[in-house]
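Peer 1: Quick one: sequence plus predicted model below, questions after.
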Amino acid sequence: QKQLEEMKKSKEAAAKPLIDDLNQKVRDSLEEIRMQKENTVKEKEAKELYLEEIEKLKQDIESLQKDKHEKRRKLAFEMRTPDKIRSEADAISRTRAKKEK
């Protein structure tokens, strides 16, 4: 009986470093998985912010283009010469005359 107890203790003593090593490997693997998950979440958040920023820039570009076209239109209207105004009025009169016929 005593000999069995001693054999059991020696086997446990021999197995302890192996068990400790396996436990450490499991802890390391779990830590690595946790860090990968954390990085994935951070990458996803960064991607979402990047896409939001791109959308804002697209909207800014559209707004600037609309402003540019509006300013050009206003400038063209303000830069009309008296001759241009007369020719526009004549064109309107001709269009009305055609409609009346």
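Peer 2: Sure thing, it's come through.
Peer 1: Please count neighbours and contacts with C-alpha atoms only from this point.
Peer 2: Will do.
Peer 1: Show me which helix or strand of the chain is least confident by mean pLDDT.
Peer 2: helix 82-100 (a mean of 85; mean pLDDT, DSSP states H and E).
Peer 1: Against Glu38, how distant is Asp60?
Peer 2: From Asp60 across to Glu38, the span is 33 Å (Cα to Cα, to the nearest Å).
Peer 1: would you list every one of the helices in this protein?
Peer 2: Applying DSSP state H to the chain gives helices spanning 2-78, 82-100.
Peer 1: How many neighbouring residues does Glu12 have?
Peer 2: Other residues within reach of Glu12, judged by other Cα atoms under 10 Å, total 13.
Peer 1: Okay, it and Leu22: tell me how far apart.
Peer 2: 15 Å.
Peer 1: Likewise for Asp28?
Peer 2: Separation of Asp28 from Leu22 (Cα to Cα) stands at 10 Å.
Peer 1: One more: Glu48?
Peer 2: According to Cα to Cα, Glu48 and Leu22 sit 39 Å apart.
Peer 1: Then Glu32?
Peer 2: In this structure, Glu32 lies at 15 Å from Leu22, with Cα to Cα as the measure.
Peer 1: How about Met7?
Peer 2: Remark: distance between Met7 and Leu22 (Cα to Cα) = 23 Å.
Peer 1: now Thr95
Peer 2: 92 Å.
Peer 1: what does Ala13 give?
Peer 2: Relative to Leu22, Ala13 is positioned 15 Å away (criterion: Cα to Cα).
Peer 1: same question, Arg86
Peer 2: Relative to Leu22, Arg86 is positioned 94 Å away (Cα to Cα).
Peer 1: list the contacts for Lys66?
Peer 2: Applying Cα atoms under 8 Å, 6 or more residues apart in numbering, one finds that Lys66 lies in contact with no residue.
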